[in-house]
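**Q** Sequence plus predicted model, see below.
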Amino acid sequence: MGENAAAGVTGKEIWLDGEWVAWDDAKIHVLTHTLHYGLGVFEGIRCYAGADGRSAIFRLPEHIKRLYDSAKINLMEIPFSEEELEAVTLDSLRRNDLAEGYIRPLAFIGDGAMGLHPGANPVRVAVIAWEWGAYLGDEGMANGIRAKISTFSRHHVNAKMTNGKTCGDYVNSILAKREALLDGFDEAIMLDTQGLVSECTGENIFVVRNGKIRTPPLYSVLDGITRDSMLQVAKSCGYEIEESPITRDDLYVADEIFLTGTAAEVTPIREVDYRTIGAGKRGPITEELQTAFFDIVTGKDARYDHWRAFL
């Protein structure tokens, strides 16, 4: 399942602070500030081997832009340009002989001063690429996963700003994910502090009812790039889309529910809190949008080639 998807991660080279270093030599000091206090930002990006014989990263500029937005939100200044990191991200796949894979750009605060204020500690940057399959499992992608409402609430927008991908924020996700797995489920659905559906531990959520697709508004959820892609694709397929508050019981009576994310891609949910969703398997709208997504990222649907950055 998801937490084991990256087990045994390995490769040839990692880009660290402007240089390519051997995989096993990409090391940091134990007093690295982010290790102690969690202030760092990252992205998750995917590259797909295309049906047209070309490998391409999906929506690379948007991911890199969000990395810099996350850094700005957290008062971090990345010492490289967006153009440099785009080029490095592409090169990370070439140097690791990957036709497809997962890429993790990471900006973090290095060692120096300790305490909550990092002072003049340097902002360091790494880009890592590795092989990674279906985050929630091939079975889950095809037939749907089981989810539970978490006892942990998602971050309040003013307790920790929700539009940045901040390293420390994911402790919240880890707690919810572990709880769900220990309770025999595959994923956790998290509510915001008002009790409304927010998102999952690493995915945005969509609900289908009577042919209409709804997803929570952005105030309490990450502005997911796959989420944005699905909003555009679903509209082009003729579906009515609404960004509006979703309640817990809206989930229980949904015809279909699916998740989106760079790692999760488009994953159906077949059960929530022991309530069967729809027919208890991937629904027809989810399947249509899932197929459309994979046609786009692999180049079968050339209308969206502007979303593909070719190696």
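**A** Okay, I see it.

**Q** Against which helices or strands is the lowest-mean-pLDDT helix or strand in the chain packed?
**A** Every helix and strand of the chain was ranked by mean pLDDT, DSSP states H and E. The lowest is helix 138-143, at a mean of 84. With contacts taken as 3 or more Cβ pairs under 8 Å, 6 or more residues apart in numbering; DSSP states H and E, helix 138-143 sits against strand 265-272. Where you see a C-beta, it was placed from the backbone N, CA and C, and this is true even at glycine.

**Q** Quick one: residues in contact with the next helix or strand after the strand it packs on.
**A** Downstream of strand 265-272, the next assigned helix or strand under DSSP states H and E is strand 275-276. If you take Cβ atoms under 8 Å, 6 or more residues apart in numbering as the criterion, strand 275-276 is touched by L251, Y252, R270.

**Q** My guess is the second one contacts Y274. True?
**A** No. Counting by Cβ atoms under 8 Å, Y252 does not reach Y274; the two are 9.7 Å apart.

**Q** of all the contacts of strand 275-276, which comes closest to A264?
**A** Nearest to A264 out of these is R270 (Cβ to Cβ; 14.6 Å).

**Q** what's the closest non-adjacent residue to the closest one?
**A** Distances taken as Cβ to Cβ, 6 or more residues apart in numbering place G144 nearest to R270, at 3.0 Å, with adjacent residues excluded.

**Q** Report how many residues lie close to the spatially closest residue to P284 that is not a sequence neighbour.
**A** Leaving out its chain neighbours, the residue that sits closest to P284 by Cβ to Cβ, 6+ apart is E256, at 7.9 Å. Other residues near E256 come to 24 when the count uses other Cβ atoms under 10 Å.

**Q** And for I45?
**A** A count of neighbours around I45, defined by other Cβ under 10 Å, yields 26.

**Q** And the pLDDT for the residue lying closest to it once chain neighbours are set aside?
**A** Counting by Cβ to Cβ, 6+ apart, I45 lies nearest to I103, which is 4.3 Å off, once chain neighbours are set aside. Predicted confidence (pLDDT) for I103: 98.

**Q** Please apply the same query to N163.
**A** At N163, the model reports a pLDDT of 87.

**Q** All further residue positions should be reported with the first residue as 34.
**A** With 34 as the first residue, the last one maps to N196.

**Q** which non-adjacent residue is nearest it?
**A** In space, N196 is closest to D256, 5.9 Å off (Cβ to Cβ, 6+ apart).

**Q** what kind of secondary structure is the one you found in?
**A** Three-state assignment for D256 (DSSP: H, G, I helix; E, B strand; the rest coil): coil.

**Q** how about it, phi and psi?
**A** Main-chain dihedrals, D256, degrees, to the nearest 10: phi -80, psi 80.
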